[in-house]
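*Asks:* Fold the stuff below for me.
(one chain, ligands or ions: 1)
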Amino acid sequence: MEIRPISEDEFEPFALCAAASFGYDAPPEERNKRVAVFEFDRTLAVFDGQEITGTGAIFSFGMTVPGGASLPAAGVTWISVKPTHRRRGILRQIMRRQLDDVRDRGEPFAALWASESQIYGRFGYGLAAESAAISIDRRHSELAFAPAASGRTRLVDRETALSAWPAIFERARPSRPGMYTRHTPWWENRVLRLHDHAPPGFGGPFLVQFEEEGVPTGYLKYRRKPGSDHGAPAGTLLVAELVTTTGAAYVGLWRYAFGVDLVTTIEAHLRPVDEPLWWMLHDPRRLVREPSDSLWLRLVDVPAALSARRYPVEGRLVFEVADDFCPWVAGRYELVGGPEGATCRTTAAEPAISLGVAELGAVYMGGARLQALARAGRVAGDPANLRLADAMFAWDPLPWCPEVF
Ligand SMILES: CC(C)(COP(=O)(O)OP(=O)(O)OC[C@H]1O[C@@H](n2cnc3c(N)ncnc32)[C@H](O)[C@@H]1OP(=O)(O)O)[C@@H](O)C(=O)NCCC(=O)NCCS
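*Replies:* Next up is the predicted model:
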């Protein structure tokens, strides 16, 4: 079967293939918004004769790694195979072409959100970040420990948000591994798009900006769903995205969300698992948290990726990586790193730790522990080296990716 990038006039059958695979509608106006952020040279379609039967695409991101560097990263997306053609190796072909391309372009890693968690491990993706869905009854949302938030919340229109929010996001980004660059069409057609799709029953979006001495330092996008409990108002407020650059903005925007009238439940999906909110609440058990896998990471160039991040403690590690799918990754590496910088290179030295590329991807952003993976039977190594490796790879804050891409 032929596999190649599509041209712009092939977008419709491409989109319809994805829609048939995922089981969603793809009305024309929806498709157009998707095209706005598309990189056609990074699409792949698998053809059976004239028919597109499989799709894949990549967004070219800069993604933050521990220490604040932004590395070129391949954001893998649009992976689909029609129900008529599944389990014949089409996904495998797409993965092969994509990862070869990622290597050729010099991107040290690829990242994705998985529709099912059993799909991508076989291609070397490791579970690098989790996110949490949270929910709280407004009556139990008292913030007992939050610092005073001096500043002002302001409901703003889309134009104001479009001019101020990208800079807030970009200032927040270096401190959080897993956050990625968003260009203007991304803001216009995704985060702040017109005629946004709301989940059933929800209105909005409402856009709130937090300002300190006139400077925007955080934003909140949310929706509302009316509800009633035997005649008493019982609405839901859904936090779609909340990003802040200061503690005052963080507290101020949660206080705002907890203060909206006619609401009894505040929900947020895709929040960081180390959300400070938990520690601010008078009654933290009331914050119901459900973690789930979010970002999956596939290292394609181990020396480039590991040299670019920072490590909170100094150390030297020699480890051996197994990789069946990208054999150029497999080998022995020496990492010497610390808070000021790091070098990682191939070596002939004896390894103290052996692991697969998916396990290395899982710990790379600081979201997983090698000792836990060793207890799960997925990593081998002597205890002292595993402890040192965990101390080196750990990072605060934990990785977080704010949006499914
Ligand atoms: C997931 C999907 C892309 C798989 O495509 P496919 O062409 O059937 O996959 P392949 O035939 O190349 O399978 C490669 C391997 O992955 C396994 N695999 C693929 N999809 C799987 C799934 N959903 N669950 C479990 N195993 C799966 C295959 O069994 C095969 O295993 P093997 O290497 O041991 O033989 C396809 O089923 C699909 O479009 N699903 C709906 C949309 C979706 O979820 N897309 C992913 C978005 S992140």
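*Asks:* How are the helices of the stretch 151-300 of the chain distributed by residue range?
*Replies:* Using DSSP state H, counting those that start in this stretch, the helices of the stretch 151-300 of the chain run over 158-172, 184-186, 247-259, 277-280.
*Asks:* which one of those helices is the most hemmed in?
*Replies:* The highest mean neighbour count among these, using mean count of other C-beta atoms under 10 Å, belongs to helix 247-259: a mean of 21. C-beta coordinates here come from the backbone N, C-alpha and C atoms, glycine included.
*Asks:* looking at the helices of the stretch 151-300 of the chain, which is closest to F40?
*Replies:* Proximity to F40 (C-beta to C-beta) singles out helix 184-186 among these, at 13.6 Å.
*Asks:* Quick one: residues in contact with that closest one.
*Replies:* Contact partners of helix 184-186, identified using C-beta atoms under 8 Å, 6 or more residues apart in numbering, comprise A36, V37, P166.
*Asks:* Can you name the residues of the chain that neighbour the ligand?
*Replies:* Residues of the chain lying close to the ligand (C-beta under 6 Å from any ligand atom) are 21-22, 79-81, 86-92, 114-116, 118-119, 122.
*Asks:* And the buried ones among those, selectable in PyMOL?
*Replies:* Buried residues among those (16 or more other C-beta atoms under 10 Å), as a PyMOL selection:
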select buried, resi 21+79+80+81+90+91+114
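*Asks:* which residue sits closest to A164, ignoring its sequence neighbours?
*Replies:* Nearest residue to A164, sequence neighbours excluded (C-beta to C-beta, 6 or more residues apart in numbering): P216, at 4.4 Å.
*Asks:* Just list the residues touching that neighbour, thanks.
*Replies:* P216 makes contact with A164, W165, A167, I168, Q209, F210, according to C-beta under 8 Å, 6+ apart.
*Asks:* pLDDT score assigned to it?
*Replies:* Residue-level confidence at P216 comes out at 98, pLDDT.
*Asks:* now, which of the contacts of helix 184-186 sits nearest the ligand?
*Replies:* Proximity to the ligand was ranked across the contacts of helix 184-186 by C-beta to the nearest ligand atom; first place goes to V37, at 17.1 Å.
*Asks:* Domains of the chain: list them as residue ranges, please.
*Replies:* Here the domain parsing of the chain from automatic domain parsing is 2-107, 132-292, 302-393.
*Asks:* is the residue nearest to A164 in a bridge, and if so with what?
*Replies:* Beta-bridge partners for P216, by DSSP bridges, are E211.
*Asks:* Save the contacts of P216 as CSV, and put in pLDDT and distance to P399 too.
*Replies:* Compiled in CSV, the contacts of P216 are given as follows (pLDDT from 0 to 100; distance: C-beta to C-beta, whole Å):
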residue, pLDDT, distance to P399
A164, 98, 26
W165, 98, 22
A167, 98, 22
I168, 98, 20
Q209, 98, 26
F210, 98, 24
